[in-house]
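Undergrad: Let me see the structure of the following:
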Amino acid sequence: MALERSPDDRTLVGNLFREAHSLKGAAGVSGLAEISNICHKMEDFLGGVRDGSRAVSPTMIDACLAAA
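TA: Next up, the predicted model:
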């Protein structure tokens, strides 16, 4: 929700990216491939926002919330 309010907050985007990355790794180590794949997609989206190739949109926020 904070990302929707502050889509240009680089610190927030970086923190969310690291959280998705950590969850992806933990899920992978735990044998939870489906969760790892979902986290990987979130990480891809957040990485794009971080590097400027993607913009935050309500649809993408909804997808991240659904994934969470």
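
Undergrad: Reduced to three states, what does P7 come out as?
TA: With DSSP: H, G, I helix; E, B strand; the rest coil as the basis, P7 sits in coil.

Undergrad: Looking at D8 now. What's its pLDDT?
TA: Reported pLDDT at D8 in the predicted model: 88.

Undergrad: where do the helices sit along this protein?
TA: Remark: helices assigned in the chain by DSSP state H are 2-5, 10-29, 33-51, 58-67.

Undergrad: List the buried residues for the last one?
TA: So the one you mean is helix 58-67. Residues of helix 58-67 classed as buried: 60-61, 64 (neighbour count, 16 or more other CB atoms under 10 Å). Yep, even glycine has a C-beta here, placed from its N, CA and C like the rest.

Undergrad: Let's have those in JSON lines, adding pLDDT and distance to E19.
TA: Output for these, formatted as JSON lines (pLDDT from 0 to 100; distance: CB to CB, whole Å):
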{"residue": "M60", "pLDDT": "86", "distance to E19": "16"}
{"residue": "I61", "pLDDT": "88", "distance to E19": "15"}
{"residue": "C64", "pLDDT": "84", "distance to E19": "11"}
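
Undergrad: and which of those is nearest L16?
TA: For the buried residues of helix 58-67, the closest approach to L16 (CB to CB) belongs to C64, at 8.3 Å.
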